[in-house]
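*Asks:* Predicted model, plus sequence, below.
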Amino acid sequence: MKYSSIPVAQSVVAHCKAKGIQNIIISPGSRNAPLTIGFTEDSYFKCFSIVDERSAAFFALGIAQNLRAPVAVVCTSGSALLNYYPAVAEAFYSDIPLVVISADRPRYKIDVGDGQTIRQDNVFHRHIGYSANLKQDVTHASDRVLRYAPEYIDGSLTSAQKEVQGYNDSELNKAMSIAITTGLPVHINVRFEEPLYDKLENPSVSPEIEKVRVSGDEGLELIKDCASFWNTKQRKMVLVGVNDPNKVDQKFLDFLADDPSVIVLTETTSNLHHPNFFPSIDSIIAPIEKSEEKEKLFKKLQPDILLTFGGLIVSKKIKAFLREYKPQQHWHIDNVKSYNTFFSQTHHFKMEVDTFFKQFTNQTKRVSSNYFKFWNSVKNNYIIKRDQYLTQIDFSDMLAFQIISESIPESYQLQLSNSSTVRYAQLFDLKPSLNVFCNRGTSGIDGSTSTAIGASMYAKNPTLLITGDLSFLYDSNGLWNNYIRPDFRIIVVNNDGGGIFRILPGKEDTFNFERFFETKHDLKVRKYCEMFDFEYFFSDNEDSLKFAISAFYEPSESPKLLEVSTPRLLNDKILLAYFDFIS
């Protein structure tokens, strides 16, 4: 085992090891060589090499999402670091502990015309849990430090280096503690002077590493008063956004599901299931929007209490409804942060969901109400009508999603890309055994493939990515690595552009709309399969889709991709007509 000769590189590696940060995604470069040496020479670390930094960061995000643990990405200096930004923003809004470690050049070489240099310190300052800007060692390349920055050395080299070491240890302890305890991404910027490749047989530093301290729950004292308020109200709505699988004890879900004064609205990404839950929110809201009794029905749905947990919400309709028909109180449970999404928040319980319900359920009682009964009858009605509608429509995005959703094998990990894909998924009931994920923090299409491949690394069962054509093409570099499992599957729903724009206000059947909004294209998905050695399947109608699926999930020696071609000019009409039909 060998170590970089540069003290700060040794410190970074030692802190990662002590804090249990085992997965390291490295993008090749020269300035980050001291870090690459340290991580790859230690068998404790599991190192991955991914060239494209944007892809590498989303790959790391996928691993962190799956393991619920910090994962590090390491890059060289310059614009390489900026390519991490989309994944950093996603991690920030999704509470995923991405540890960004960037190699940098000495401060005295920034903004003087030196190559591959930018202002790297605090570059993510608006979307980061913490930025640690480490100091440059003075005992390494001391002649250059004395020549270019003699002010770094106040007194002897030994005393100056001791001060540097103490500062760096403090910053590393703080950054990694924040990543572990809050789930937020952190950035560690490390300055290196040449030479970069020298190695030692034994470490030359002994970093001061602190134990991570977990803060206590906040809001427990409020639960008694909130339970008393709960016991007086007949309309309680529970709304759950992005939520990790198996995160909430089933007995608490049963408690909510069996209360006649409660309706639980879930989304595909909530990973919560119960026959009494309401999994297709828009199928409830859309018919009300079209009803002659709109005002009366919305007031009937308006909750006295709104209880939320989980991450961001997909449905625009429920957000618009709750902003217009506000609850008397809105409580949110999250141990880190709480967004005032509906502009009515009154309480934030800083704790785990199970911790809240363990206290809460012991202090509540059921009240007489027909709130659940009425809306459950509405749900049962739209389910009947949805099934009727699906038997009479032409092949399209909607029919394809229905066939695909029913075909997914039990216990798969399902990754959804954004835009049309995640929205269509909300309309159908997925198998409870599926673990569903989507990058809803920023809702971007830029890293879906990379995230899914990263998430598959430690998944017990196979992974399926369902994505649109633009999302797939945008992140095609996500396939440029050596880590794709043979049981990895991709379904590309290809409607020849950004089909979701056709259902948004302002749609026009013009050349400019097709070019600048919908982004019509003629790129061939099959060519990517040839390039990256995927077994390729194709479908453009109901029968061929069912036939392709029959072989698609079979074991194989290489990953598989199924392209489903749907009619670009028909998809939006069928989707919009669905909401008319169930109304």
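*Replies:* Thanks, I have it. Computed from a prediction, not measured in an experiment: that's the story for all the values here. Residues are numbered from 1 along each chain as shown.
*Asks:* According to the record, where do the domains of the chain fall?
*Replies:* Listed by automatic domain parsing, the domain ranges of the chain are 3-197, 220-377, 393-582.
*Asks:* residue nearest the centroid of this protein?
*Replies:* The centre of the chain sits closest to residue 439, judged by C-alpha atoms, centre = their mean, with a distance of 3.5 Å.
*Asks:* ok, that one touching residue 91?
*Replies:* No: between residue 439 and residue 91 there is no contact under C-beta atoms under 8 Å: 9.4 Å. For glycine as for every other residue, the C-beta is placed from the backbone atoms N, C-alpha and C.
*Asks:* any shared contact partners between those two?
*Replies:* Taking C-beta atoms under 8 Å, 6 or more residues apart in numbering as the contact definition, residue 439 and residue 91 share the neighbouring residues residue 61.
*Asks:* the helices in the stretch 201-350 of the chain, which residues?
*Replies:* Here the stretch 201-350 of the chain has its helices, by DSSP state H, counting those that start in this stretch, at 223-230, 250-257, 281-290, 294-301, 316-324.
*Asks:* Of the ones you listed, flag the one that's most buried.
*Replies:* Across the helices of the stretch 201-350 of the chain, averaging neighbours per residue (mean count of other C-beta atoms under 10 Å) puts helix 281-290 on top, at a mean of 19.
*Asks:* on that earlier part again, compile the domains of the chain into a markdown table and extend it with columns for distance to residue 383.
*Replies:* Formatted as a markdown table, the domains of the chain follow (distance: least, C-beta to C-beta, whole Å):
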| stretch | distance to residue 383 |
| --- | --- |
| domain 3-197 | 31 |
| domain 220-377 | 8 |
| domain 393-582 | 8 |
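*Asks:* Please produce JSON lines containing these, extended by mean pLDDT.
*Replies:* Output for these, formatted as JSON lines (pLDDT from 0 to 100):
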{"stretch": "domain 3-197", "mean pLDDT": "97"}
{"stretch": "domain 220-377", "mean pLDDT": "96"}
{"stretch": "domain 393-582", "mean pLDDT": "91"}
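*Asks:* Which stretch among those domains approaches residue 207 most closely?
*Replies:* domain 3-197 (4.7 Å; C-beta to C-beta).
*Asks:* can you give me the helices in the stretch 451-583 of the chain?
*Replies:* Using DSSP H, counting those that start in this stretch, helices in the stretch 451-583 of the chain cover 469-474, 511-513, 525-532, 542-552, 571-582.
*Asks:* mind listing what's buried in the last one?
*Replies:* The one in question is helix 571-582. Neighbour counts over helix 571-582 (16 or more other C-beta atoms under 10 Å) mark 571, 572, 574, 575, 578, 579, 581, 582 as buried.
*Asks:* Settle this for me: the last one is touching residue 386, isn't it.
*Replies:* Yes: taking C-beta under 8 Å as the definition, residue 582 is a contact partner of residue 386 at 6.2 Å.
*Asks:* quick revisit: between the helices of the stretch 201-350 of the chain, which gets nearest to residue 402?
*Replies:* Using C-beta to C-beta, the nearest of the helices of the stretch 201-350 of the chain to residue 402 is helix 281-290, at 13.4 Å.
*Asks:* Against which helices or strands is the closest one packed?
*Replies:* Contacts defined by 3 or more C-beta pairs under 8 Å, 6 or more residues apart in numbering; DSSP states H and E place helix 281-290 against helix 294-301, helix 316-324, helix 371-390, helix 571-582.
*Asks:* Contacts for that helix, please.
*Replies:* In contact with helix 281-290 (C-beta under 8 Å, 6+ apart) are residues 265, 267, 278, 294, 297-298, 301, 315, 317-318, 321, 375, 378-379, 382, 386, 426-427, 579-580, 582-583.
*Asks:* For the stretch 351-500 of the chain, just list every one of the strands.
*Replies:* Secondary structure of the stretch 351-500 of the chain, counting by DSSP state E, counting those that start in this stretch: strands at 413-416, 435-438, 463-468, 489-494.
*Asks:* Turn those strands into a markdown table, including distance to residue 222 and mean neighbour count.
*Replies:* Listed next are the strands of the stretch 351-500 of the chain as a markdown table, based on distance: least, C-beta to C-beta, whole Å; neighbours: other C-beta atoms under 10 Å:
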| stretch | distance to residue 222 | mean neighbour count |
| --- | --- | --- |
| strand 413-416 | 35 | 25 |
| strand 435-438 | 31 | 23 |
| strand 463-468 | 40 | 27 |
| strand 489-494 | 45 | 26 |
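*Asks:* May I see these arranged in a markdown table, with distance to residue 4 as well?
*Replies:* Shown next, in a markdown table, are these (distance: least, C-beta to C-beta, whole Å):
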| stretch | distance to residue 4 |
| --- | --- |
| strand 413-416 | 36 |
| strand 435-438 | 36 |
| strand 463-468 | 35 |
| strand 489-494 | 39 |
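*Asks:* so which of the ones you listed gets nearest residue 395?
*Replies:* strand 489-494 (11.7 Å).
*Asks:* angle of the closest one against strand 463-468?
*Replies:* Going by axes from the mean of the first three to the mean of the last three C-alpha atoms, to 10 degrees, strand 489-494 is angled at 10 degrees with respect to strand 463-468.
*Asks:* Just the C-alphas of strand 489-494, formatted as CSV.
*Replies:* C-alpha atoms of strand 489-494 as CSV (Å, rounded to 0.1, in the frame of the first residue of the first chain):
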residue,chain,number,x,y,z
ARG,A,489,-32.8,-2.8,-18.5
ILE,A,490,-33.8,0.4,-20.3
ILE,A,491,-37.1,1.2,-21.9
VAL,A,492,-37.0,4.3,-24.1
VAL,A,493,-40.5,5.7,-24.9
ASN,A,494,-39.6,7.5,-28.1
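*Asks:* Report the angle between it and helix 525-532.
*Replies:* Using the same axes, to 10 degrees: strand 489-494 against helix 525-532 is 150 degrees.
*Asks:* So what are the sheet partners of strand 489-494 and their directions?
*Replies:* Strand 489-494 has these partner strands in its sheet, going by DSSP bridges: strand 463-468 (parallel), strand 560-565 (parallel).
*Asks:* just to revisit the earlier point, now, of the domains of the chain, which is deepest in the fold?
*Replies:* By mean count of other C-beta under 10 Å, the domains of the chain have domain 3-197 as the most buried, with a mean of 21.
*Asks:* That domain: end-to-end distance?
*Replies:* Terminal residues of domain 3-197 lie 10 Å apart, using C-alpha to C-alpha, to the nearest Å.
*Asks:* what's the offset of that domain from the middle of its chain?
*Replies:* Distance, stretch centre to chain centre, for domain 3-197: 22 Å (C-alpha atoms, centre = their mean, to the nearest Å).
*Asks:* same deal with stretch 400-419?
*Replies:* Taking mean C-alpha positions (C-alpha atoms, centre = their mean), stretch 400-419 and its chain are 17 Å apart.
*Asks:* Ramachandran coordinates for residue 49?
*Replies:* phi -110, psi 120 (degrees, to the nearest 10).
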